[in-house]
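# sequence first, predicted model second:
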Amino acid sequence: MEPGEYEVMYRVEDVHWWYRALHELVLHFVSEENRKKGQLHIFDAGCGTGRLCQLMSAYGDVTGCDISDLALEFCRKRKVPSVFRADLNDIELGPGRYDIITSVDVLYHKAVRDDSFVLRKLYHALKPGGVIILNLVAYNFLKSFHDIAVHTERRYKRKDVIQQLTDAGFTVEKASYRVGFLFLPITCYRLIQKTFLKYPEAREARSDLHVPPRFLNKMLLRCNLIENIFIKNFGIPFGTSIFAVARKV
């Protein structure tokens, strides 16, 4: 990710509809595990600026890692104490340490050399019965200037995520697309962008991330939270992201 994007993330993560809805979905599944098991040992693989770590701390002991020193600085500004610098390609977490591992918008990154290999390492680090929670970007045709700014290497289809999780040893409990209610306008916008505009260099690219006007932000959050109800109970058939929950048995 371009360095400036961490500052943008830190500034908007608490209020932006996309983050708030995603965090609500993650916390639903974390709280379910907390209800069954009590205080949890949680690891956030690729913790970014630390907002999710901060939220999950209500359910247990949370540790996070990120490859970016700048991201970790923002974590410390949030007073997230248990974070450290690590490269997921090489990290050694030890066997059976965690009840939950989250990895939100990380495995698609160009710095991740082999996403399937990283999934197997995360599987090894979970306790028996432990859960992994993933969010990933969907569909290669949605690649855009945003992906250049955040260093996206690959986008996924739901069936591919299920296959990779299964191959790593997991039993998939939930695999659904997300942000389906905006799928058509986002698709049109990004196809027009790719057709008529020249791709910038990474250092010049800017992500789509900014907080819309308050009324619009509130409306989009409400729509996304309604969509979350469907994802929790059924799943939705298309969207710009993929959300997955899988268990080590």
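Received, thanks. What you see is a predicted model; the values in this text were computed from it and never measured.
# so which strand or helix has residue 43?
Using DSSP states H and E, the element containing residue 43 is strand 40-45.
# who are the packing partners of that strand?
For strand 40-45, the elements it packs on are helix 17-37, helix 51-56, strand 60-66, strand 98-104, helix 115-125, judged by 3 or more CB pairs under 8 Å, 6 or more residues apart in numbering; DSSP states H and E. C-beta coordinates here come from the backbone N, C-alpha and C atoms, glycine included.
# who's in contact with it?
30, 33-34, 52-53, 56, 59-65, 88, 91, 93, 97-104, 106, 118, 122, 125, 127 (CB atoms under 8 Å, 6 or more residues apart in numbering).
# please report how far the most centrally placed residue in the chain lies from residue 243.
Centroid-nearest residue in the chain: residue 104, 1.7 Å away (criterion: CA atoms, centre = their mean). Taking CB to CB, to the nearest Å as the measure, residue 104 falls 9 Å from residue 243.
# equivalent analysis for residue 22, please.
The separation that residue 22 has from residue 243, given CB to CB, amounts to 8 Å.
# residue 151 - nearest residue in space that isn't next to it in sequence?
Excluding the flanking residues, the one nearest residue 151 by CB to CB, 6 or more residues apart in numbering is residue 110, at 4.8 Å.
# shaky segments in the chain?
197-208 (pLDDT under 70).
# show me the helices in it, by range?
Counting by DSSP state H, the chain has helices at residues 3-12, 17-37, 51-56, 69-77, 115-125, 145-150, 158-167, 183-196, 214-233.
# in the fifth one, what's buried?
With burial defined by 16 or more other CB atoms under 10 Å, the residues of helix 115-125 counted as buried are 115, 118-119, 121-125.
# just these now: which is nearest residue 26?
residue 122 (15.4 Å; CB to CB).
# still on that earlier bit, out of the helices and strands packed on strand 40-45, which is the most enclosed?
strand 98-104 (a mean of 24; mean count of other CB atoms under 10 Å).
# note down every partner strand of that one and its orientation.
strand 40-45 (parallel), strand 126-137 (parallel) (DSSP bridges).
# now, of those, which is deepest in the fold?
When the strands paired with strand 98-104 are compared using mean count of other CB under 10 Å, strand 40-45 is most buried, at a mean of 24.
# alpha carbons of that one, in CSV - could you do that?
The C-alpha coordinates for strand 40-45 follow below in CSV (Å, rounded to 0.1, in the frame of the first residue of the first chain):
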residue,chain,number,x,y,z
LEU,A,40,-10.4,-15.5,23.2
HIS,A,41,-6.9,-15.4,21.9
ILE,A,42,-7.1,-13.4,18.7
PHE,A,43,-4.6,-12.7,16.0
ASP,A,44,-5.1,-10.0,13.3
ALA,A,45,-2.8,-10.9,10.4
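# no further queries at this time; thank you.
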